[in-house]
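Asker: Return atomic coordinates for the entry below.
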Amino acid sequence: MVKMNSIAAALVLSLASGTAFVASSVVNTAYAAEKCPIDARQSKAVGQSVAKKVQKSFAAYSEGNLDEALSILLEANPRKTFDKAYVARMLGNFYAEKGQMKKALQYLKEAVDANVLGGVDHAGTMRLYADLLLQEKQFKQAIPYYYDWMSFTCKEDAQVYRRIGIAYSEEKNWNKVLEVVDKGIALSDKPDKGLYQMKLTAYFNKKQYKNAVKVLEVMVPLFQDDKRLWVQLAQFYLMTEDYTKSLATYDLAYKNGFLETGANVTRLSQLLAQKGSPYRAAKVFEKALKSGLIETNEKSLSTLAGFYHNAKELKEAASYYGKAAAIDNDGELYLKQGRTLALEGNYQSAVSAFKKSLSAGIKNPGEAQFELALAYLSLKEYKQAYKRAKLAANDKKTKRSATSYLSYIEEKARIHNVSL
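Answerer: Next up is the predicted model:
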């Protein structure tokens, strides 16, 4: 947006240049047709009485007395159209410097709409007026003045297109944003991140995600140190279901230290697991968990357990299932821990986990009873195995499986001379 010190600097340059009281009028039509409007005006001086006020006002301003400069200028009482426009331009600049934008806009509009100031003065006033309109969130009003400035100066400017793009963005006119942004990018001497970001935003709001990806694929190499762009590109690849590129981008961002949130590390881990690297997913996730980047809670511990489980690292998986279960005494998680321990062959610890599962409560108790029956069977504790199988047979979900094992357990007990 416009900075007030730049306004003051522009005013000083204009008034101190020796042409403080000069403007231009339109020359003959034939000559004007051959030249740009900014050049097609001849010099013209303000009236003598107004000139004295302007000189006195500027002297006060030069000494740092802005209020006095304003007071003197307000007494000028110009009568001619040119004199009015010239004084209005100065007043607009002064009020802008004071931060009184409503009055600044009022006077600057008067100066611009009169369309009689000298080429450079009229162009500068028009540009300042448009900038202040933009600053004051009068976006719709600012746009035509920017275009008028380009027509008057016969100059296309990347930063002007950028400001028009800002105005169209605020108006949510995304087609116009894309139109002006492309012009700005083409005119820029060096890559302008703001213009590219507007283009990205426009495509996102138009739900043209593949086009948004194309913009980011240009932006990332241009602005390689911007961590957010890497993450955005990875996220847009996800949105367009290009999981391979998403993983590659997340992974590269991770290796460069660009993933600074737990959510992004979680997405990387999930993609690694989905693409056949559950062990690395577990290690990446575990590192972030231990560093505090990912909060330690039931969900995160359970997620890590799942990664290790998929990687067939059963000891670590069982440990994290147990830690997750202990937080809120979750029976379902204790059941998962028990099953993982049983897969590892640690049946005694599995029995303990299954009992915790039943104690904490689960939706289908027969599942834990059946798993206990299998664990006891592996431990050759046939009496306990038979007891748990009978209990599992009372649950609709496990009735069929448990019943099929009863005769097998009975036979094993008979062979080992165990009374059931």
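
Asker: all strands for this protein, in order.
Answerer: Remark: strands of the chain, listed N- to C-terminal, are 22-26, 41-45; assignment by DSSP state E.

Asker: hey, least reliable of those by pLDDT?
Answerer: Ranked by mean pLDDT, the strands of the chain bottom out at strand 22-26, with a mean of 33.

Asker: Below-threshold pLDDT in the stretch 1-150 of the chain: ranges please.
Answerer: Per-residue confidence of the stretch 1-150 of the chain (counting by pLDDT under 70) places the weak regions at 1-34.

Asker: ok, how many other residues are close to the closest residue to residue 305 other than its chain neighbours?
Answerer: When the adjacent residues along the chain are set aside, residue 305 lies closest to residue 320, with 3.6 Å between them (C-beta to C-beta, 6 or more residues apart in numbering). In short, each C-beta sits where N, CA and C put it, glycine included. Under the neighbour criterion other C-beta atoms under 10 Å, residue 320 is assigned a count of 27.

Asker: was I right about residue 244 contacting residue 275?
Answerer: Yes: between residue 244 and residue 275 there is a contact at 7.4 Å, judged by C-beta atoms under 8 Å.

Asker: Read off the pLDDT value for residue 420.
Answerer: At residue 420, pLDDT is 84.

Asker: who are the neighbours in contact with it?
Answerer: Contacts here follow C-beta atoms under 8 Å, 6 or more residues apart in numbering; on that basis residue 420 touches 382-383, 386, 409-410, 413.

Asker: out of those residues, which are inside helices?
Answerer: Within the contacts of residue 420, membership in helices is found for 382-383, 386, 409-410, 413, as judged by DSSP state H.

Asker: Quick check on those residues: which are buried?
Answerer: For the ones in helices among the contacts of residue 420, a burial check counting by 16 or more other C-beta atoms under 10 Å picks out 382, 386, 409, 413.

Asker: returning to that earlier point: residue 244 and residue 275: which has the busier surroundings?
Answerer: Summary of the neighbour comparison: residue 244 and residue 275, criterion other C-beta under 10 Å, with residue 275 having more neighbours (16 against 10).

Asker: quick one, what contacts the more buried one?
Answerer: Contact analysis of residue 275 by C-beta under 8 Å, 6+ apart lists 243-244, 247.

Asker: Out of these, list just those in helices.
Answerer: Per DSSP H, helices hold the following members of the contacts of residue 275: 243-244, 247.

Asker: would you list those residues in a markdown table and tack on pLDDT?
Answerer: Below are the ones in helices among the contacts of residue 275 laid out as a markdown table (pLDDT from 0 to 100):
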| residue | pLDDT |
| --- | --- |
| 243 | 96 |
| 244 | 96 |
| 247 | 97 |
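
Asker: and the residues you listed as CSV, adding distance to residue 114?
Answerer: Putting those into CSV (distance: C-beta to C-beta, whole Å) gives the following:
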residue, distance to residue 114
243, 61
244, 62
247, 62
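
Asker: Quick check: residue 289 touching residue 305?
Answerer: No: Residue 289 sits out of contact with residue 305 when judged by C-beta under 8 Å, with a separation of 11.2 Å.

Asker: Who has more neighbours out of the two?
Answerer: Taking neighbours as other C-beta under 10 Å, residue 289 and residue 305 compare with residue 305 leading, 26 against 21.

Asker: where do the helices sit along the stretch 201-350 of the chain?
Answerer: Defined through DSSP state H, counting those that start in this stretch, the helices belonging to the stretch 201-350 of the chain, from first to last, are 209-222, 227-239, 243-255, 262-274, 278-291, 298-310, 314-328, 331-344, 347-360.
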